[in-house]
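# let's see this in three dimensions:
(2 chains)
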Amino acid sequence: EIVLTQSPGTLSLSPGERATLSCRPSQSVSGSSLAWYQQRSGQAPKLLIYGASSRATGVPDRFRGSASGTDFILTIARLEPEDFVMYYCQFYGSSRYTFGQGTKLEI
Amino acid sequence: LQLQEFTSGPVKSSQTLSLTCTVSGGSISSGGYSWNWIRQTPGKGLEWIGYTYASGGAYYSPSLKSRVTISVDRSINHFFLVLTPATAADTATYYCARAIPAAGGHFDTWGPGMQVTVSS
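Numbering: from 1, shown residues only, chains lettered A, B, ... in the order given. As a prediction, the model looks like this:
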């Protein structure tokens, strides 16, 4: 079973700064099945990135997904106040899904 | 497309937890999608439970497989989750969500979530 480890657990930044969130699989996986979600308190997760680097419809271009070696990175350029919420990565493989434990982005 | 979760009512430990997901604004019979249940607790984060296809057939998380059944009724555009026997550890917010397996499996549409408490 693939385990996704997100780091850091909490990231403290200021509006206007750049955030870099990491998602490390326990074994090498295909980026085509790696997605990122944003979750506000009391709401369902919202798809941000799929296929490691494709932005979902309506997602601002300050959100960028990429791969670095075996890790996957979510970069948020020029943080806006509404960006300070939870972020999760997710992988799909062998007919199963796995989520990372999340990164909290705080001001 | 919109998804909405409904529960059958209060759940006591050792009894059956039942949830319905209604699909509106589109047909559950549209090809290429899986229909999923996911839950979330403060302690365990997001946990995938399983999915079904409109044609039937289901896949489950190994950790829940022995207690979970997911089914679909295409005639009313609903799909369902049954978990039995329920325990306090099943207290969570339950989401239904649509995924696109052929495009990487991401969840593109979610219901707003339903809080379910399993009481003793």
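
# spit out the contact partners of A:Ser66.
Residues near A:Ser66 by Cβ atoms under 8 Å, 6 or more residues apart in numbering or on different chains: A:52-53, A:72-73, A:75. Yep, even glycine has a C-beta here, placed from its N, CA and C like the rest.

# what's opposite the residue positioned nearest the centre of chain A in the beta bridge?
Geometric centre of chain A, nearest residue: A:Trp36, 3.8 Å, by Cα atoms, centre = their mean. Judged by DSSP bridges, the bridge partners of A:Trp36 are A:Ile49, A:Cys89.

# check B:Thr69 too.
B:Val82.

# write out the residues of chain B neighbouring chain A.
B:36, B:38, B:45-48, B:59, B:61-62, B:95, B:97, B:99, B:101, B:103-108, B:110-113 (Cβ under 8 Å from any Cβ of the partner chain).

# please repeat the previous calculation with a cut-off of 10 Å.
With the criterion set to Cβ under 10 Å from any Cβ of the partner chain, chain B comes near chain A through B:3, B:5, B:34, B:36, B:38, B:40, B:44-51, B:59-63, B:93, B:95-97, B:99-101, B:103-113.

# are any of the residues you listed buried, and which?
By neighbour count, with 16 or more other Cβ atoms under 10 Å in any protein chain shown, the residues of chain B next to chain A hold B:3, B:5, B:34, B:36, B:38, B:40, B:46-51, B:59-61, B:93, B:95-97, B:99-101, B:103-111, B:113 as buried.

# so which of the contacts of A:Ser66 also contact chain B?
Checked against chain B using Cβ under 10 Å from any Cβ, the contacts of A:Ser66 yield the following neighbours: A:Ala52.

# export the contacts of A:Ser66 to JSON lines and tack on distance to B:Gly9, neighbour count and pLDDT?
What follows is those, written out as JSON lines (distance: Cβ to Cβ, whole Å; neighbours: other Cβ atoms under 10 Å in any protein chain shown; pLDDT from 0 to 100):
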{"residue": "A:Ala52", "distance to B:Gly9": "41", "neighbour count": "22", "pLDDT": "95"}
{"residue": "A:Ser53", "distance to B:Gly9": "44", "neighbour count": "16", "pLDDT": "96"}
{"residue": "A:Phe72", "distance to B:Gly9": "41", "neighbour count": "27", "pLDDT": "97"}
{"residue": "A:Ile73", "distance to B:Gly9": "44", "neighbour count": "18", "pLDDT": "98"}
{"residue": "A:Thr75", "distance to B:Gly9": "45", "neighbour count": "13", "pLDDT": "98"}
